[in-house]
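Colleague: Based on what follows, work out the 3D shape:
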Amino acid sequence: MPSAIQRELEKLRTVDRIVMSDDMQAAMAALHLRAEAILKERQELVPDASTDAKRLLHELQVHHIELELQNEELIARRDEVEEGLKRYTDLYEFAPVAYVSLTADGTLKQTNAAGERLLGNPRAALEGKRLVLLVVEDDRRALESWLEHLFMGGEPPPCELRLPAAGPPDGAVLTVQIDAKLSASGRHCCAVLIDVTERLASEKALKALEFQLYESQKMEAIGTLAGGIAHDFNNILAAILGNVVLAQQDVGEEHAASVSLAQIRQASVRARSLVQQILTFSRRSSASAALVDLKKSIHETLALLGATLPASVQLRVSLCEERLTVLGDETGVQQVVMNLCTNAWQALYSEGGYIELQLDAPLPAVSLESQVPFGLAAGRHARLRVRDNGCGMDVGTQARVLEPFFTTKAMGRSTGLGLSVVHGIVTSMGGLLRLHSNPRQGSSFEVWLPLAETTTTDSVVPS
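Modeller: From the prediction side, this is the model:
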C-alpha cells in the first residue's frame, strides 16, 4: 500500500516539475496557496489512514480546489473575451464606414452593414464576388494595380474609385476612397471604403466660390480703373462737344470748315457713347432705379432686334405667365437683352442658327436650393436665359469674356464692351450673370435678378 501511495504522490509532483516560465510558476504557487487556504477553511475530516495516505488525500484535495479555481478563472476570462469580441464585432458591424476583407485578387470575403449599403448588395451576394467588378469600368485597372502593390508588401496611398450609386437617381456615381492593411499571413487584407462624394463636391464648390471671388475682385479693380479714366475723359469730351457746337453756330453751314466740324461732332458723340458704356460697366453711371416690367422691356427690345436679324437666324421666345417686376433702370434692362442677343447672333455660324430667349421665375424652393453654388441672396429671382447653337467658347475665352475690350472678333467688328456692360448693369441691380458654354456646342447666358414685391400673375404671353 505505501508503495502505491508513493507512486500517486510522485505523479502529482511530476506536474510541478513541468518546465514553466517564471510568471507561470508564480501563478501556480499563488494558486496553490489559495487552495491550501480554502482547504484549511473547510476543515474537512480526514479518516484514519497512514501518513502517506493522508498526504496523498491532502494533495488531491488541494489539486481539486486548484482545478476549481482555474475553472472559475477560465470562465471569467472566457466571458471577458466574449464581451470584448462582441464589443469589437459591434464596432465593426455598425461602423459608419464600409469595412471589407479582400483576397489578393480582390475577392470579397467579409463586409459589414455599411459595406452592404455602399456596394448596394446584401452580404450573401457580395461575399465571393470580386470588388473590381463592382467599380466603374474605367477605374478597374487602377484598383487591380493598387491591390497588386499592396499584396507585394508595399504601402500604396489611398485610391479613389467610382461606384454606381445603390439608390436613385439612376446613373448616379459615388466616389469612394479605399485604404487597407495587409494581414500578418499576407493572404488577405482588411480595407476601409469611405464615401467622399460630398467632400469632393464641397471642395469643387469651394474652388468655384474662390474663382468667383477672384473674378469679382478682378472685375472690380478693372471697373475702378476704367471708370476713373472714363469719368475724366467724359469731362474732356463735354468741353470738345460744347466748343464744336459753338463753332458750328459761328461759321454756319456754308463755311468750308462746317464739314470738318460735323465730323468732329459725330466722332465726339460716338466717343461719349463709348464712355457711357464704360461708366455703365464700372457702375458709375447715374441712372435712377425704378420698377421695371421685364416682359414689357423684352418685347420692346425684341421689336427692334427682329428688324435687324437676318432670315437665317431663328428667334425663339418663351416668356412665363407672371408679370415679373424688378428694381432697376429700364434702359439698362433693354441694353442687357440687346447685348446678349447680339452676342448670340455674332456667335452663330455663317449658315445661321437659332437664338432662344426664355424668361421665368423658379419656385422659391428651387431658387433657394440653387443659390448655394453661385451665391444669390434669399428670395425669388427672375431668370432670363439667352442661348444659341453657335461656335461656343473654350475655358480660356470664358475666363476673359467679361473683361472690357476683350473680343474674339476681327478688329473693327466689336468694341469688346457688350458683355462687360451686361455684367455691370446686372451687378448694379443686385443680380448675377452666369455662363455655360462648350466649343462647337453653343453658349447660354443666364441673368438672375431679384424680383420686386409687386410681381403678379399676368396673362399668357405667346411665344
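
Colleague: Please enumerate the strands of the stretch 301-450 of the chain.
Modeller: With strands called from DSSP state E, counting those that start in this stretch, the stretch 301-450 of the chain shows them at 313-319, 322-323, 325-328, 353-360, 381-388, 432-437, 443-450.

Colleague: and those as TSV, adding mean neighbour count?
Modeller: Any C-beta I mention is one placed from the backbone N, CA and C, and that applies to glycine too. Shown next, in TSV, are the strands of the stretch 301-450 of the chain (neighbours: other C-beta atoms under 10 Å):
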stretch	mean neighbour count
strand 313-319	15
strand 322-323	18
strand 325-328	22
strand 353-360	19
strand 381-388	22
strand 432-437	18
strand 443-450	22
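
Colleague: Arg77: which of those strands is closest?
Modeller: Of all the strands of the stretch 301-450 of the chain, strand 432-437 sits nearest to Arg77, with 67.3 Å by C-beta to C-beta.

Colleague: Any idea how far the closest one is from the middle of the chain?
Modeller: Put simply, strand 432-437 sits 19 Å off its chain's centre (C-alpha atoms, centre = their mean, to the nearest Å).

Colleague: how long is stretch 180-197 from one end to the other?
Modeller: Start-to-end span of stretch 180-197 (C-alpha to C-alpha, to the nearest Å) is 19 Å.

Colleague: pLDDT averaged over it, what's the number?
Modeller: The pLDDT scores in stretch 180-197 average 90.

Colleague: among the strands of the stretch 301-450 of the chain, which is nearest Ala26?
Modeller: Nearest to Ala26 among those is strand 432-437 (78.6 Å), distances taken as C-beta to C-beta.

Colleague: Return the list of helices and strands in contact with that closest one.
Modeller: If you count contacts as 3 or more C-beta pairs under 8 Å, 6 or more residues apart in numbering; DSSP states H and E, strand 432-437 packs onto helix 418-428, strand 443-450.

Colleague: Just give the number of residues close to the closest residue in space to Asn438 that isn't next to it in sequence.
Modeller: Nearest residue to Asn438, sequence neighbours excluded (C-beta to C-beta, 6 or more residues apart in numbering): Gly392, at 5.1 Å. Neighbours of Gly392 under the rule other C-beta atoms under 10 Å: 18.

Colleague: and the residue lying closest to Val196 once chain neighbours are set aside, what is it in contact with?
Modeller: Excluding the flanking residues, the one nearest Val196 by C-beta to C-beta, 6+ apart is Gln177, at 5.0 Å. By C-beta atoms under 8 Å, 6 or more residues apart in numbering, Gln177 lies in contact with 158-161, 193-194, 196.

Colleague: which one of those has the most neighbours?
Modeller: The most crowded member of the contacts of Gln177, judged by other C-beta under 10 Å, is Leu193 (23 neighbours).

Colleague: how far away is that residue from Tyr92?
Modeller: Going from Leu193 to Tyr92 by C-beta to C-beta, to the nearest Å gives 13 Å.

Colleague: what is in contact with those two at once?
Modeller: Shared contacts of Leu193 and Tyr92, defined by C-beta under 8 Å, 6+ apart, comprise Tyr99.

Colleague: Name whatever forms a beta bridge with the residue nearest to Val196.
Modeller: Gln177 forms beta bridges with Glu160, Ile194, as assigned by DSSP bridges.

Colleague: What does the pLDDT read for the most centrally placed residue in the chain?
Modeller: By C-alpha atoms, centre = their mean, the chain has its centre lying nearest to Ala201, at 1.0 Å. What the model reports as pLDDT for Ala201 is 88.

Colleague: same question, Glu148
Modeller: Looking at Glu148, its pLDDT is 92.

Colleague: Ok, Leu324 next?
Modeller: pLDDT, read off for Leu324, is 93.

Colleague: Domains in the protein, by residue range?
Modeller: Split into domains by automatic domain parsing, the chain comes to 2-92, 98-197, 213-281, 290-457.

Colleague: Would you single out the least confident of the ones you listed?
Modeller: Mean pLDDT across those is lowest at domain 2-92; the value there is a mean of 67.

Colleague: show me the contacts for the residue lying closest to His436 once chain neighbours are set aside.
Modeller: Leaving aside its sequence neighbours, His436 sits nearest to Ser444 (C-beta to C-beta, 6+ apart; 4.5 Å). Listed by C-beta under 8 Å, 6+ apart, the contact set of Ser444 reads 385-388, 435-437.

Colleague: Which of the residues you listed sits closest to Leu209?
Modeller: Of those, the one sitting nearest to Leu209 (C-beta to C-beta) turns out to be Leu435, at 16.1 Å.

Colleague: how far away is that closest one from Tyr349?
Modeller: Going from Leu435 to Tyr349 by C-beta to C-beta gives 20 Å.
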